[in-house]
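Student: Predicted model and sequence below, questions to follow.
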Amino acid sequence: MEESQYRIKIGPQEIVLQFGETLVGRSEECSLCLDDERLSRAHAKLIATESQIGIVDLGSRNGTYVNDVRMRNPVQLNNGDQIRMGQTLMTLYIAGRKARRSKASGRTLGGATLVDMSPPGGEESDVLFRVLQLGRLDEAEKLLKARVANLVRSDPPLLVDHILSRNIQGGMMTMADKSMDPRWIHRLFKLHVTCQWFMTEDTQKRVEQLIRAIGRAGGDGLPTYLTYWAGRTKGLSQSRQFRLARLQDLANRDSQLWSDK
């Protein structure tokens, strides 16, 4: 029998679920960590096999709904089913075998990728930037770590200028600015290497300002980024090579600063 492939679509993102159990909730320990304050820390569990997929609510406070019906028992899912948890709506797609759209919604059932749920309305409407504006840096750090984990596991990978990518980059730079902690600059460069991004010009300008303001880049993120792109300069435009040279100059100064101490 041909194996099924299960995909979940949440907002603009699609993720592929692996066979086995996928824990869904707010906790960073969940396989599918969603930035939704109406979710329980461990809200529900998806169970996928080669032939079927089901969902189990884990006693969540606000419940889990399949096709607008609140679950009372484990439910077997079919192609096109809509699952709602808190304010998050996801749609299940099944490929690899003959799939049919579910008409009933109460059938009993006998390592995934993570998703960022930041809203597309800009910084002003996003909970991350609200907590940053309030100076709640510990809370902002937890949100950022969850979003970074979501981002690096996106399938397909997001581009550097995608709204969710820019949201995270902006959050990391704001954290560096407010905390004056150079480790956030280090993490930003590491993220670019992990995602195989070339830093956009506006982001690089802000990063350069932050490095000068803080006094150092912190960690090996900047050298790692430069090393990564040093082996890929063929085909880069002159403007990009010039931007790499600017960063190399900052890296040299950062190295000299530490050698003088």
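Tutor: Perfect, thanks for sending it.

Student: Where does pLDDT dip in the chain?
Tutor: Across the chain, the ranges flagged by pLDDT under 70 are 1-3, 96-126, 155-156, 254-261.

Student: ok, which stretches of the stretch 101-250 of the chain are helices?
Tutor: Ranges of helices within the stretch 101-250 of the chain are 127-133, 137-152, 163-179, 183-194, 201-214, 221-230, 238-259, based on DSSP state H, counting those that start in this stretch.

Student: Adding mean neighbour count and distance to residue 78, write these out as TSV.
Tutor: C-beta here means a position set from N, CA and C on the backbone, and glycine is covered the same way. Supplementary listing: the helices of the stretch 101-250 of the chain in TSV, determined by neighbours: other CB atoms under 10 Å; distance: least, CB to CB, whole Å:
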stretch	mean neighbour count	distance to residue 78
helix 127-133	18	33
helix 137-152	18	26
helix 163-179	20	29
helix 183-194	21	35
helix 201-214	16	43
helix 221-230	18	43
helix 238-259	13	48
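
Student: who wins for proximity to residue 79 among those?
Tutor: helix 137-152 (24.6 Å; CB to CB).

Student: still on that earlier bit, tabulate the helices of the stretch 101-250 of the chain (CSV), appending distance to residue 77.
Tutor: Shown next, in CSV, are those (distance: least, CB to CB, whole Å):
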stretch, distance to residue 77
helix 127-133, 29
helix 137-152, 22
helix 163-179, 26
helix 183-194, 32
helix 201-214, 40
helix 221-230, 40
helix 238-259, 45
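
Student: Distance from the longest strand that the chain contains to the middle of the chain?
Tutor: Within the chain, and with DSSP state E defining each element, the longest strand by residue count is strand 88-95. Relative to the centre of its chain, strand 88-95 is centred 18 Å away, using CA atoms, centre = their mean, to the nearest Å.

Student: Repeat that for stretch 13-32.
Tutor: Distance, stretch centre to chain centre, for stretch 13-32: 12 Å (CA atoms, centre = their mean).
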